[in-house]
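J.: Have a look at this prediction, sequence included:
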Amino acid sequence: MQRRILFVVSHAPQRGALTAELLDELLITAAFEQKVSVLFVGDGAYQLVAGDDPGTARGYRALPTYDVHDVFVERAALKPRSLTPERFVIAARPLARPAIRRLIGAQDVVVPD
């Protein structure tokens, strides 16, 4: 049975190995043919921008290869961090908080970072 699994990324990419481990967990889960989506909230939105760690950006670019097409970013996280979707390494759909609550409610499993 395919489960709906949402990974919630809330920390900036400067967390070192923890950032890479979350990305690995996300890709491994997707490889087992689960319905994986990812939501970037707060400082986690910085992980969508190519920055100091090109490996992280390269990893997120691989998401479509693993059939992870549902990538979301908290709309309220963008303006205070001077981020725009055009700067992201992959397409991420901005969501308002009510839509985020519905997204989380529709999941079988929610995995925080």
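T.: Okay, I see it. Every value quoted in this text rests on a predicted model; they were computed, and no experiment measured them. Residues are numbered from 1 along each chain as shown.

J.: Please enumerate the helices of this protein.
T.: Using DSSP state H, the helices found in the chain span residues 17-31, 54-61, 97-105.

J.: and of these, who's closest to residue 67?
T.: helix 17-31 (6.3 Å; Cβ to Cβ). Every C-beta, even on glycine, is put in place using the N, C-alpha and C of the backbone.

J.: you'd agree residue 96 is up against residue 76?
T.: Yes - between residue 96 and residue 76 a contact is recorded at 7.5 Å, counting by Cβ atoms under 8 Å.

J.: Of those two, which one has the most company?
T.: The neighbour count for residue 96 versus residue 76, taken as other Cβ atoms under 10 Å, is higher for residue 76 (15 against 10).

J.: From residue 45, how far out is the residue of the chain most remote from its centre?
T.: Residue farthest from the centre of the chain, counting by Cα atoms, centre = their mean, is residue 1 at 23.1 Å. Computed as Cβ to Cβ, to the nearest Å, the residue 1 to residue 45 distance reads 32 Å.

J.: Tell me where this protein has strands.
T.: Counting by DSSP state E, the chain has strands at residues 4-9, 35-40, 70-74, 93-95, 109-112.

J.: and those strands, which is most packed in?
T.: Most buried of these by mean neighbour count (mean count of other Cβ atoms under 10 Å) is strand 35-40; its value is a mean of 24.

J.: what's that strand in contact with?
T.: Applying Cβ atoms under 8 Å, 6 or more residues apart in numbering, the external contacts of strand 35-40 come out as 2-10, 26, 29-30, 47-48, 63, 66-68, 70-74, 77, 92, 95, 100, 103-104, 107.

J.: All set, thanks.
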